[in-house]
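Enquirer: My questions concern the predicted model and sequence given below.
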Amino acid sequence: MKFMKLGTRPDTFFTSESVRSVCTEVATDLQILVDGCVYHLHKFPLLSKCMLLQALCADSGASGGGGGDVIELPGFPGGGEAFEACAKFCYGITITVSARNLVPLRCAAAHLGMSEAADRGNLAAKLDAFLASCLLRRWKDALGVLSSTRHYALLCEDLGLTSRCVDAVAALIINPDTALPAKSTSASPWWAHDIAELGVDLFWRIMVAVKATGAVHEKTVGDALKAYARRWLPNVAKDGLSADQPFDDDAGSADVKQITTRHRLLLEKIVSLLPAERDAVSCGFLLKLLKAANILSASAASKAELVRRVAWQLEEASVADLLVPSLSCVSETLYDVDAVAAILDEFSLRYAAVAPAPPPPLALSGSPDDSPAHSGGHRRSRSAESVSFDGTRRSLSAAPVSQGALARVGKLVDGFLIEVAKDPNMPLDKLLAIAEAVPDSARPEHDGLYKVVDTYLKAHPEMSKSARKRLCRVLNCRKLSEKASAHAAQNELLPLRVVVQVLFFEHARAAALASGGHAAVAAADLPSNIRALLSKGSGSSEDDEADRVDEQRLRALAAGASPGDDWSVEGLRRAASKIATLRMKLAEEDEDHDADEFARKAGLARSASLRFRAFCAIPAGKPKRMLSKLWPLGRSGVSH
């Protein structure tokens, strides 16, 4: 650390009781009270260099001798130590100036008026010269001076000290000299640890100055922000350690509200400094900031910016990152699912900005989830509506979503849903909204979604039959793996309609696999009652129009399996043998709560039930009720 010596005389100040005096042959004629201590000094050396003392002595009309009035200097910057150093400079006594005491000395000199207007070569000019020529050219000294300005923030701003130090530190970051710190971590730039010790305002000003030059890579800026957040923010500290109280030696005595306000300010400053480059900071770090924003009740603008940034790189996140604790007084859920829903809404904008226009819904489909009713519902129309409504909000820098990234997001959302489905207070509407927010192409398989359904059913055993049906509508039974299908076929929590669909798809795919993947051969291997249904002609009346659609859908189901599907023929045929048991359960199940709904489709139920009797031998007494369990009707307006 560099230092400068001013003056050549030895120190002659001494203390007598509570009085500081200077030992000379001439009697003192000036009394000054500073910080509870009375200084007995002489007018001649002090008034010649201090314009403030000249004015105060003139106003008080003090006469010579030690019995004059005492001049009081309340709130003196730097206290008694700084005043005594200024007084020694006036007497020519040697004083040492370094980065540690330059700021209080400069503020004291400005307060006393020790400028060139009072005397040539005065203290203020000498301190400014030493600061510019030496201290601001060295990293440690420049940081030391800048750190000490926070104790005299207003006065240092007026003197320009803070701005000069900020510019000097930013210049050293951009063009470092040979005197760099010896230690540097690979996870952050060499300067990040040092400026992390500064207050949030000084840190923010340095980072703004560094970013304005464009000479530092944005990834480096992001690493510095991460180091600063780990140093001060709660829940962002590395290895789960608690962060220190920010920027106050007496923070332990501050109340919780003050500390929270400081943390909130810190967080919002960090968010405002986030680089524009997509990968400048990790998605996990952004989600930690979002958690901290929830805890600290940060501004809506900061939360919205974090949500937008997370959506840019959502495929990089983990399930643990998405588990944001819920601190809302109105929410009883363990995790903040609303924040995740907002992230997925932004992600849908990013996906819709680069995704091709979805094809028109097909009249024939192999799954109830792909039916015309579903394709016209919330899940299918969300992207299209977002494109037209929120097109102006899309960022041009948002990266396109590859199919691999889309699949990772689908797996991530399913993992998140599995965790939140364990919460007994998790509303079904929110669970379904998050499950349907992901495009269908993000889930090549529905095993994760099936686990979500199974977990939610176990955590909510009191669910009604209609709620179970609504939950299971997110499943596409054709996308279940062999293991998931085997589990679903024996799952007593699932509605029987879903179990029948699983068994039917197993049988159809087993037949297709046995026939080598040929659709015609696969259809021929189906049971005779299904073949009779497929070969039966349909009438030309309007009442039979729906039946033709159902027949074509069944044909597509029977012939739609591809040879690449991983199914065990022997295991699937064993699963198909459970149909007889299901018939008995179907006959016993009470469907009175669905009677009104299906009564409106009596004609459709009647025509479809005639064909289904050949397949499952449904008792003739309940054709309408059994239809709802065995046949996935897909017309618009029909709800299961």
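Expert: Here it is on my side, so go on.
Enquirer: If you count contacts, what does the particular helix or strand that has residue 125 in it end up packed against?
Expert: In the assignment (DSSP states H and E), residue 125 maps to helix 123-133. Contacts defined by 3 or more Cβ pairs under 8 Å, 6 or more residues apart in numbering; DSSP states H and E place helix 123-133 against strand 3-6, helix 102-112, helix 161-174. The C-beta positions use only the backbone N, C-alpha and C, and glycine is treated the same way.
Enquirer: Mind doing that once more with 6 Å?
Expert: In this structure, helix 123-133 packs against helix 102-112, with contacts taken as 3 or more Cβ pairs under 6 Å, 6 or more residues apart in numbering; DSSP states H and E.
Enquirer: so what does the helix it packs on touch, helix or strand wise?
Expert: Counting contacts by 3+ Cβ pairs under 6 Å, 6+ apart, helix 102-112 is packed against helix 79-91, helix 123-133.
Enquirer: looking at those, which is closest to residue 214?
Expert: Smallest distance to residue 214 across those (Cβ to Cβ): 25.8 Å, for helix 123-133.
Enquirer: could I have the closest one exported to CSV, CA atoms only?
Expert: Output in CSV follows, covering the C-alpha atoms of helix 123-133 (Å, rounded to 0.1, in the frame of the first residue of the first chain):
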residue,chain,number,x,y,z
LEU,A,123,-3.8,20.2,2.0
ALA,A,124,-6.7,19.6,-0.4
ALA,A,125,-4.6,20.0,-3.5
LYS,A,126,-1.8,17.8,-2.2
LEU,A,127,-4.3,15.0,-1.4
ASP,A,128,-5.9,15.2,-4.9
ALA,A,129,-2.5,15.0,-6.5
PHE,A,130,-1.5,11.9,-4.5
LEU,A,131,-4.8,10.3,-5.2
ALA,A,132,-4.6,10.8,-9.0
SER,A,133,-0.9,10.0,-9.4
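Enquirer: Mind listing what's buried along it?
Expert: Buried residues in helix 123-133, counted by 16 or more other Cβ atoms under 10 Å: 123-124, 126-128, 130-131.
Enquirer: next one: stretch 498-507
Expert: Residues of stretch 498-507 classed as buried: 498-507 (neighbour count, 16+ other Cβ under 10 Å).
Enquirer: For residue 92, state which of those is nearest.
Expert: Nearest member of the buried residues of stretch 498-507 to residue 92, counting by Cβ to Cβ, is residue 498, at 96.2 Å.
Enquirer: what's near enough to touch that closest one?
Expert: When contacts are counted by Cβ atoms under 6 Å, 6 or more residues apart in numbering, residue 498 touches residue 472.
Enquirer: That one - that's part of a helix, no?
Expert: Yes - under DSSP: H, G, I helix; E, B strand; the rest coil, residue 498 sits within a helix.
Enquirer: before we move on, the earlier item: reformat the helices and strands packed on helix 102-112 as a markdown table; add distance to residue 280 and mean pLDDT.
Expert: What follows is those, written out as a markdown table (distance: least, Cβ to Cβ, whole Å; pLDDT from 0 to 100):
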| stretch | distance to residue 280 | mean pLDDT |
| --- | --- | --- |
| helix 79-91 | 43 | 95 |
| helix 123-133 | 34 | 96 |
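Enquirer: Between the ones you listed, which one is closest to residue 426.
Expert: Residue 426 lies closest, by Cβ to Cβ, to one member of the helices and strands packed on helix 102-112: helix 79-91, at 59.3 Å.
Enquirer: Packing partners of the closest one?
Expert: Checking 3+ Cβ pairs under 6 Å, 6+ apart, helix 79-91 ends up next to helix 43-47, strand 95-98, helix 102-112.
Enquirer: so which of these is the most packed in?
Expert: helix 102-112 (a mean of 25; mean count of other Cβ atoms under 10 Å).
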